[in-house]
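Engineer: got a predicted model here, sequence first, then my questions.
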Amino acid sequence: MSEPDAAADATPGSARLTVHRTAAWDEQSRQILCSIDGTFAGQLLFGQTMTRDIPAGSHTLKANNTLVWKTVPFEAAAGEHVQFTVWNEPMGGWFARLLFIFVGAAALKLGVSRGPPQARPPA
């Protein structure tokens, strides 16, 4: 799924937001649900990218993998292309083992970093 690199097609006074789910280190087994400013924006499976035009100003990206939720406030200037990368990764420790034993679900942490997927962000 290829997305434009700039907000050139956006309406004046707007910005573009892209959320990537294409990081090589992603644990690919569970979807990530995204909302922008409290409105559901979509579900990302591994390999997908979502792009939305948003008004310039302050916004909040919320992402969850049905187990872990993250809220990221951000600013978007008119004409700016704001990008985030989201991913799942395995949790370690006794909690993860208990969750898998009693519920049958893999415990996954949710990662969110600003920018397109490049190198793995620091922990």
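Structural biologist: Nice, thanks for sending it over.
Engineer: what sits against the residue nearest the centre of the chain?
Structural biologist: In the chain, the residue lying closest to the centroid (Cα atoms, centre = their mean) is V86, at 3.5 Å. With contact taken as Cβ atoms under 8 Å, 6 or more residues apart in numbering, V86 is in contact with 19-21, 32, 34, 44, 63, 110-112. C-beta here means a position set from N, CA and C on the backbone, and glycine is covered the same way.
Engineer: A24 touches P117, doesn't it?
Structural biologist: Yes - using Cβ atoms under 8 Å, A24 is in contact with P117, at 7.4 Å.
Engineer: more neighbours, these two?
Structural biologist: For A24 versus P117, the count of surrounding residues by other Cβ atoms under 10 Å is larger for P117: 20 against 8.
Engineer: where does the residue nearest to the centre of the chain sit: helix, strand or coil?
Structural biologist: Three-state call for V86 (DSSP: H, G, I helix; E, B strand; the rest coil): strand.
Engineer: from P12, how far off is it?
Structural biologist: For V86, the distance to P12 (Cβ to Cβ, to the nearest Å) stands at 29 Å.
Engineer: same question, V68
Structural biologist: The value you get for V68 to P12, if Cβ to Cβ is used, is 37 Å.
Engineer: who's more crowded, these two?
Structural biologist: A count of neighbours by other Cβ under 10 Å puts V68 above the other of V68 and P12, at 15 against 7.
Engineer: doesn't L110 make contact with the more buried one?
Structural biologist: Yes - with contacts counted by Cβ under 8 Å, V68 reaches L110, the gap being 4.2 Å.
Engineer: list the residues that contact both of the two?
Structural biologist: In contact with both V68 and L110: no residue, using Cβ under 8 Å, 6+ apart.
Engineer: ok, residues contacting stretch 54-69?
Structural biologist: Contacts for stretch 54-69 (Cβ under 8 Å, 6+ apart): 13-17, 19, 30-38, 70-80, 84, 86, 88, 105, 107-110, 112.
Engineer: would you confirm that P117 contacts T18?
Structural biologist: No - counting by Cβ under 8 Å, T18 is not a contact partner of P117; they are 11.0 Å apart.
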